[in-house]
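Enquirer: Take this sequence and fold it.
(one chain, ligands or ions: 2)
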Amino acid sequence: MIEHYGWSDALRLAFEPHARAGYVPGRIIVQQREANLVITDAGQLSARLSGRLRHEAREGGHPAAGDWVALSTKPTEGTATLHAVLPRRTAFVRRAADSVQTMQVIAANIDVVFVVTSMNADLNPRRLERFLAAAWQSGARPVVVLTKADLSEQPEAEAAEIARLAAGCPVLIVSARQGLGLDGLLGHIAPGETCVLIGSSGVGKSTLVNALLGEERMATQDIRASDARGRHTTSYRQLVLLPGGGLILDTPGIREVGLMDADVGLSAVFEDVERLAQDCRFSDCRHGTEPGCAVRAALDEGLLDAERWAHFQKLSLEQTASGLTKDRTAQEAERRRQSGLQRVYRSTKKNLRDQRS
Ligand code: GDP
Ligand code: ZN
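Expert: Ligands and ions are numbered 1, 2, ... in the order given. Predicted coordinates:
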């Protein structure tokens, strides 16, 4: 069962300690207000967070749609308790609506991002760039999809123009109305891989998902002709299987992720921290025990809030975990930096706890 949802040998390995603890694996197919709907070998269950996880979630580490998790289950009651989240291969992160400081993961373990734009709307290069940036940042592979080819006189020419903006990404031409290009699109998702569709409202995402699933799974609304933008529809959306063995995650919040804050990276939110770090004696300072560390000094003098610093470190870890770097040597360096950060992060957390008690 969970094999269909992308369960793999690598995940089995990562899960071993949890298996020894008596937990079973599952994947979050939709995150709801109170509980997460998870798919397990025993079917769909409604999973609530364990007390420990709920505590961690308050610090920004909430499980998200697409996450692989460790559960204790009560299949007869259709419920489960969620005890741990497996390391994510990729993640879409955005600022929490209620705070500039809190980032939240809104989709995890996505392999392919279809950046959807339509032929009838005026091409907005800045907007496309933002969606592409969000896609790259997540660690997944972006693929540009040009919809509504039936409305264009020369779809190929438009595609060529977009290919220039989206260097390195495949650009696909589709028409859901004519059933054109759908197989080509499915060809970009291997069995067990998960894709998402992102793009502005009205470009044809719901229609495309319907066409891919071959049924009217999602409600679509007629476009407002005047401004070429569709209205929002709130339908029940989750992680679903595609013909061909791939998966599509179409949960709330993911579709327009790029517009919200592709450009609000850590730097924008933590400018002060990054400025401080520039004053460290060593350019590769881990802000642990190095001499001449400006971050430590600021913490000691109370100029930098310890909570804020801990949060920054946590987010840096999340970002590196999302696999921004593709190059082998850069990855090596990242890994080293990350384990250093992790060590410092743990000791900072401990200090905070000690301070509180
Ligand atoms: P979403 O907001 O991105 O999910 O967009 P929708 O899927 O709701 O589509 C917005 C409008 O575009 C609807 O009126 C659709 O009927 C229309 N539309 C979607 N795909 C196509 C297409 O391939 N060709 C044409 N001509 N119209 C389309
Ligand atoms: Zn330092």
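Enquirer: Quick check: L37 vs C285, distance?
Expert: Using CB to CB, to the nearest Å, we find L37 at a distance of 44 Å from C285. Every residue, glycine included, has its C-beta placed from N, CA and C.
Enquirer: Show the pLDDT at S206.
Expert: Looking at S206, its pLDDT reads 89.
Enquirer: any idea which element it lies in?
Expert: Taking DSSP states H and E as the definition, S206 sits inside helix 205-213.
Enquirer: so, in contact with ligand 1 or not, that helix?
Expert: Yes: Helix 205-213 lies within reach of ligand 1 by CB under 6 Å from any ligand atom, at K205, S206, T207.
Enquirer: just those residues now: which is nearest L247?
Expert: The closest of these to L247 turns out to be K205 (CB to CB; 15.9 Å).
Enquirer: OK, contacts around the closest one?
Expert: V116, L197, G199, D250, R255 (CB atoms under 8 Å, 6 or more residues apart in numbering).
Enquirer: how many neighbours does the residue nearest to it when sequence neighbours are not counted have?
Expert: Counting by CB to CB, 6 or more residues apart in numbering, K205 lies nearest to L197, which is 4.6 Å off, once chain neighbours are set aside. Look at L197: counted by other CB atoms under 10 Å, it has 24 neighbours.
Enquirer: okay but L197 is in contact with D250, surely?
Expert: Yes: checked against CB atoms under 8 Å, the pair L197 and D250 is within contact range at 6.7 Å.
Enquirer: Now the common contact residues for these two.
Expert: Common neighbours of L197 and D250, using CB under 8 Å, 6+ apart, are K205, V209.
Enquirer: Tell me how many other residues surround I106.
Expert: I106, neighbours per other CB under 10 Å, totals 24.
Enquirer: So it lies in a strand, does it not?
Expert: Yes: looking at I106 with DSSP: H, G, I helix; E, B strand; the rest coil, it is inside a strand.
Enquirer: Would you agree it is in contact with V257?
Expert: Yes: between I106 and V257 there is a contact at 6.5 Å, judged by CB under 8 Å.
Enquirer: so which helix or strand takes in A297?
Expert: Taking DSSP H and E as the criterion, A297 maps to helix 294-300.
Enquirer: Counting neighbours, what do you get for the residue nearest to E193 when sequence neighbours are not counted?
Expert: Among residues not flanking E193 along the chain, D111 sits closest, at 4.0 Å (CB to CB, 6+ apart). Using other CB under 10 Å, D111 is surrounded by 20 other residues.
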